[in-house]
Structures are given as C-alpha cells and as structure tokens.
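K.L.:
this is the structure alone, sequence omitted:
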C-alpha cells in the first residue's frame, strides 16, 4: 500500500491550525516552502507498491526528520522526541495541527534508510541544492566551479587493540556455543578478561616482552575455543551453520592477522572498517571509510558527497565525484579545484586546478586555487555540527547513506542561516 498523505486529525473539537499560531517568517517555515516535497514523495513512494498491510508513513514526515536529524546532530530517539516538543519541527514535517504523540517509533527511521538506500538519500541532497537556488544562496553560475576533497568518516567502533579484539571474538564464540548447545571444555570467562587487562597494563608500562607473552597466552586460549566450535559445527541446524561460519571466519582472521597485514579486521561487528592514515600528529590514523566531498567555490554548498570503500587513491575518486555532482545538480562543472593529493588526475571536459600549480596560471586562476582551502572549514562543520565525525549505521550501505545525509544536513544549516539573515532585514 502506498504512503499515506499528511492529513490533519479530525475530532469533536477542531484544533487550531499551526499556521495560525506560528510566526510565518521563521526560517523553518520559510524553508518548508522552498523544499520540493512533491519530488520527495514521488521518489519515496516508488518504494511502496504493495496493496497489503498497513499504509506506510508519510514520505514528507520521514524526509523532514532525516533533514532535522542531520542538521542538528541528533540521534533517532532525540529527533523524534524533539519533534514532539517543537511545533516548528512539526510544521516543517507537514503537520497542520499540533500533535501530542510521537509521530513514529525511532526504529522506523532505520527501516526507511535501508529501504530507500543511497539513491533515495541522494534525492534528499538534490532537493536541498534546488532549494538553495530558490533561496538565492547560489546561482546557476556557482555550479561551474567546485572544490573537491576527501576526508575520513570514522565508524562507531572502539580502538582496535589486539587484546580487545581477541577477547571480543572469544565472547562471541562462547555465546554462540551456549545458544546452540555446543559443549566447551573451558570458556575462559575469568582468565581471558584478566589477561586482556594485564596486556594493557604491560603496554602502558612499556614492558613489551611481558606484553607479548601475555598476548600469546590469550591467543592460545581463544584458539582453543575457536577450534572446539569449528569441530562441532556440523551438529548445528543449517541456518545456524551459516551464521556460525561467518563468525568463525572473522574470528579466524583476528587469530591469524599480523601487525603489518594490509587487510586487517578492526571490528568484529564491522568488517568494512579500514585504517586510513591521516599524516597528522594528533590523529595519525582513523578507522572508518574515506568520503569525497564537493562544494561550490564561493558559497560552500555541498553539491556532492559519497563514501569510497577500499581507501582508494584520491585521484581515482575524482571522476565519480564529478559524475555525482552532474547528476545531483543537473549541471556539468567546468572547473574543479583540488589539493596535491589528486596529482595526475584528469577528467575529460573538466579543467583541474591543483594546489601549488604554477604553469599557465593567470591571476584569476590563482585566486581560485587559493580559495581551495575553503572546503576545510566546511568539512570541520560537517564533523562538529553535523554527524560526519561518527557513523553509527551498519555495513557499507550505512556508510553510503550516512555520508550523503551529512551533506544534506550541512546544506539545511546553510539555508537556515541564509533565511535568518533575510529575516533580520539584511540584503539577501
């Protein structure tokens, strides 16, 4: 059954309308008028073609909650709870009267993100770009010149020390054995945590010989549990065998990986996590996925945002980024400004300007190259004010969806700032 529209509730006593009580010059009210909700409902409605079951939620409600969540750095639970208390948020999401109950269960946002996927959230980002044009934040000529850079979107995992990974693998194997009735000669529930804690103390005291000895002992004990579960795997039902094999495969990687292996496992529940070197003293490495971001040269509006699994070389991501910008803005950029990490990257029909470039540079092009660093504070705001600094979503799909939504959230913040300036009487 298709999504149900936002219909005002009817009762014995008519409720006063929100547009009769709210200040209609409020930035959120004006932003609600700029966003093309029809396009969102048309694209989201395609995911609900069944004529059976309960009608789906209103696409405008879900899209509005996702916008507000990433614009205000809120969790699923927090954005739903704040929606109930803030009438401007309710109006933005399409309600015509004040609501006194939670609109949805927070878990519904998780299912919606999975259903619409990366293509659906890209629609949300494209709609914010269209709204920025309508608000006068950018002009059509602004899309001719864009800045492109990459950053790391950290995953919501603990720091991957060897001792912690080993003990976590043992805990999962023991729980699997208990749930499936596998008899273990010993589960090391007391000894293994003590060893893991002692390894941390030895490392802190720089007693590395003792640390390696304790780490070897912990590895041997986890290996015993691993082999016992593997030997009795055939006794499990077929469905449980597939789940157990996946866990055994990950635990085996943790047991056999070395310090300098290239494809290490850094989180048992998130095998897609990569270790990306930053080259900075305060953060030498970050654990997550590489994200490429494209903004307009002057205004800093995000016109492209995509996760790049596999930690590719920056220059190899440029063509995909420009393609995404062309699709989302319906306009092909003519000039792209990048840093030195894109050395050697070329895209047909696009002028590439790199930091430090000297040959054939006019004063105008030199000023554009100096403007390249303007994307750095944009990335900083996306991490500090938005949700780019920690991705709680699961899997590679979660990485892709979260990255695009962070770009949409940044655009919403820029639009609200522009509308506040206009409301104050300044020239827009």
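P.N.:
Done, it's in. From a predicted model like this one, the values you see are computed outputs, not experimental measurements.
K.L.:
okay, now the unreliable bits of the stretch 1-150 of the chain?
P.N.:
Along the stretch 1-150 of the chain, the parts satisfying pLDDT under 70 run over 1-13, 48-51.
K.L.:
now do the helices in it.
P.N.:
For the stretch 1-150 of the chain, the helices defined by DSSP state H, counting those that start in this stretch cover 27-34, 37-45, 59-71, 76-85, 87-92, 107-135.
K.L.:
and for the stretch 151-300 of the chain?
P.N.:
Under DSSP H, counting those that start in this stretch, the stretch 151-300 of the chain gives helices at 162-180, 191-204, 208-231, 238-256.
K.L.:
deepest-packed of these, please.
P.N.:
helix 162-180 (a mean of 19; mean count of other CB atoms under 10 Å). No exception for glycine: its C-beta is placed from N, CA and C like everyone else's.
K.L.:
contacts for it?
P.N.:
Applying CB atoms under 8 Å, 6 or more residues apart in numbering, the contact partners of helix 162-180 are 158, 182-184, 187-189, 192-193, 195-196, 199-200, 215, 218-219, 221-222, 225-226, 228-229, 236, 240, 243-244, 247-248, 250-251, 254-255, 265-266, 268.
K.L.:
between that helix and helix 208-231, how many degrees?
P.N.:
20 degrees (axes from the mean of the first three to the mean of the last three CA atoms, to 10 degrees).
K.L.:
average pLDDT across helix 162-180?
P.N.:
For helix 162-180, the mean pLDDT works out to 95.
K.L.:
residues touching the closest residue to residue 31 other than its chain neighbours, list them.
P.N.:
Closest residue to residue 31 apart from its sequence neighbours, by CB to CB, 6 or more residues apart in numbering: residue 415 at 5.6 Å. Residues counted as contacts of residue 415 (CB under 8 Å, 6+ apart) are 27, 31, 34, 128, 131-132, 135, 137.
K.L.:
ChimeraX command to pick out the buried ones of those?
P.N.:
Paste this into ChimeraX to select the buried members of the contacts of residue 415, with burial taken from 16 or more other CB atoms under 10 Å:
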select :27,31,34,128,131,132,135,137
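K.L.:
pop the domain breakdown of this protein in here.
P.N.:
138-158+273-403, 162-256 (automatic domain parsing).
K.L.:
got those as TSV, with distance to residue 86 columns?
P.N.:
As requested, the domains of the chain are exported to TSV (distance: least, CB to CB, whole Å):
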stretch	distance to residue 86
domain 138-158+273-403	18
domain 162-256	40
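K.L.:
so which of those domains is nearest residue 42?
P.N.:
domain 138-158+273-403 (16.2 Å; CB to CB).
K.L.:
now the terminal residues of the closest one, how far apart.
P.N.:
22 Å (CA to CA, to the nearest Å).
K.L.:
please apply the same query to stretch 89-104.
P.N.:
End to end - CA to CA - stretch 89-104 spans 14 Å.
K.L.:
biggest strand in the chain by residues?
P.N.:
Determined from DSSP state E, the single longest strand within the chain is strand 285-296.
K.L.:
so residue 298 touches residue 142, yeah?
P.N.:
Yes. Between residue 298 and residue 142 there is a contact at 6.3 Å, judged by CB atoms under 8 Å.
K.L.:
re earlier: tell me which of the domains of the chain sits nearest to residue 113.
P.N.:
domain 138-158+273-403 (5.2 Å).
K.L.:
and residue 298 and residue 142? Which one has more around it.
P.N.:
Legend: neighbour count by other CB atoms under 10 Å for residue 298 and residue 142, higher for residue 142 (19 against 15).
K.L.:
what is the burial count for the residue lying closest to that one once chain neighbours are set aside?
P.N.:
Using CB to CB, 6+ apart and skipping the chain neighbours, the partner closest in space to residue 142 is residue 296 (4.7 Å). Residues near residue 296, counting by other CB under 10 Å, number 27.
K.L.:
bridging residues for residue 296?
P.N.:
For residue 296, the beta-bridge partners under DSSP bridges are residue 146.
K.L.:
who are the contact partners of it?
P.N.:
138, 142-143, 145-147, 303.
K.L.:
ok, now residue 368?
P.N.:
By CB under 8 Å, 6+ apart, the neighbours of residue 368 are 145, 297, 335, 337, 353.
K.L.:
could you identify which of those has the most neighbours?
P.N.:
For these, the largest number of neighbours (other CB under 10 Å) sits with residue 337, at 26 neighbours.
K.L.:
gap between that residue and residue 73?
P.N.:
Distance, residue 337 to residue 73, by CB to CB, to the nearest Å: 28 Å.
K.L.:
name the nearest residue to residue 255, sequence neighbours excluded.
P.N.:
Spatial nearest neighbour of residue 255, excluding adjacent residues (CB to CB, 6+ apart): residue 223 at 5.8 Å.
K.L.:
er, residue 293 actually
P.N.:
residue 305 (5.3 Å).
K.L.:
quick one: that neighbour and residue 292 touch, right?
P.N.:
Yes. With contact defined as CB under 8 Å, residue 305 and residue 292 form a contacting pair (7.4 Å).
K.L.:
between the two, who's got more neighbours?
P.N.:
Comparing residue 305 with residue 292 by other CB under 10 Å, the one with more neighbours is residue 305, at 30 against 21.
K.L.:
quick one: residues contacting the more buried one.
P.N.:
Shown in contact with residue 305 (CB under 8 Å, 6+ apart): 125, 291-294, 403-404, 406-407.
K.L.:
residue 186 too?
P.N.:
So residue 186 contacts 224-225 (CB under 8 Å, 6+ apart).
K.L.:
can you classify the residue nearest to residue 31 by secondary structure?
P.N.:
helix (DSSP: H, G, I helix; E, B strand; the rest coil).
K.L.:
quick one: residues contacting residue 140.
P.N.:
By CB under 8 Å, 6+ apart, the contact set of residue 140 is 133, 331.
K.L.:
SS state for residue 311?
P.N.:
From three-state DSSP, the assignment for residue 311 is coil.
K.L.:
check what pLDDT the closest residue to residue 230 other than its chain neighbours gets.
P.N.:
In this structure, residue 230 finds its nearest non-sequential neighbour in residue 248, 5.8 Å apart by CB to CB, 6+ apart. We have a pLDDT of 95 for residue 248.
K.L.:
give me the angle between the host helix or strand of residue 327 and helix 107-135.
P.N.:
Taking DSSP states H and E as the criterion, the element that holds residue 327 is helix 314-329. Using the same axes, to 10 degrees, the direction of helix 314-329 lies 80 degrees away from that of helix 107-135.
K.L.:
which residues touch helix 314-329?
P.N.:
Contacts of helix 314-329 (CB under 8 Å, 6+ apart): 122, 125-126, 129, 143, 146, 148, 150, 290, 292, 294, 303-304, 306, 308, 332-333, 336, 338, 341-345, 347, 350, 352.
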